[in-house]
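Enquirer: this one's structure only:
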């Protein structure tokens, strides 16, 4: 299985790590290719945030009901921080694993992680900024993996 990881917000970090660790637990060889805004998920220090405009269709549980986040809320200063805090509180309250825990599980499950060389250069990241384990590769590296994978996901 291969996954292209293109997003690095708190909400978008969960799908690739949950799917990769689940697939690895089921015996699949898994490769994750981190590019553009997904690349910071490999950084040693994560400071993941959520945007108020992340998904207006998702209604958050509040005050005993499910309330939508109006798009206008995204214009207000500090709303991203409020949404991030709310989501992190809900994650903790519900006992959901953190991204750091899921990422460590992926490493321990021998999920192959590739940091996009072009994105590393573009955003001036160094391998010293990243966790131990990822390798550097480009589009050709990913295409080689994808052509040998029965499942290819773009997240």
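Expert: Perfect, thanks for sending it. No experiment lies behind these values; they were computed from the predicted model shown.
Enquirer: now the helices for the protein?
Expert: Shown for the chain, the helices assigned by DSSP state H span residues 10-25, 79-94, 99-108, 117-122, 139-147.
Enquirer: rank those helices by pLDDT, which is bottom?
Expert: Looking at the helices of the chain, the lowest mean pLDDT belongs to helix 79-94 (a mean of 86).
Enquirer: what is that helix packed up against?
Expert: Counting by 3 or more C-beta pairs under 8 Å, 6 or more residues apart in numbering; DSSP states H and E, the packing neighbours recorded for helix 79-94 are helix 10-25, strand 60-62. Every residue, glycine included, has its C-beta placed from N, CA and C.
Enquirer: picking that back up, quick check: which of the helices of the chain is buried the most?
Expert: The highest average neighbour count among these, using mean count of other C-beta atoms under 10 Å, belongs to helix 10-25 at a mean of 19.
Enquirer: between the helices and strands packed on helix 79-94, which gets nearest to residue 44?
Expert: Ranking the helices and strands packed on helix 79-94 by proximity to residue 44 (C-beta to C-beta) places helix 10-25 first, at 14.9 Å.
Enquirer: wait, residue 87 sits on residue 9?
Expert: No. Look at residue 87 against residue 9 with C-beta atoms under 8 Å: they stay out of range, at 9.8 Å.
Enquirer: name the residues contacting each of the two.
Expert: Residues touching both residue 87 and residue 9 (C-beta atoms under 8 Å, 6 or more residues apart in numbering) are residue 50.
Enquirer: nearest to residue 101, out of the helices and strands packed on helix 79-94?
Expert: helix 10-25 (9.0 Å).
Enquirer: what about that closest one, distance to the chain center?
Expert: 8 Å (C-alpha atoms, centre = their mean, to the nearest Å).
Enquirer: what lies in contact with that helix?
Expert: 1, 3, 5, 7, 30, 32, 38, 41, 48-50, 54-55, 84, 87-88, 99, 102-103, 105-106, 109-111, 151, 153, 155.
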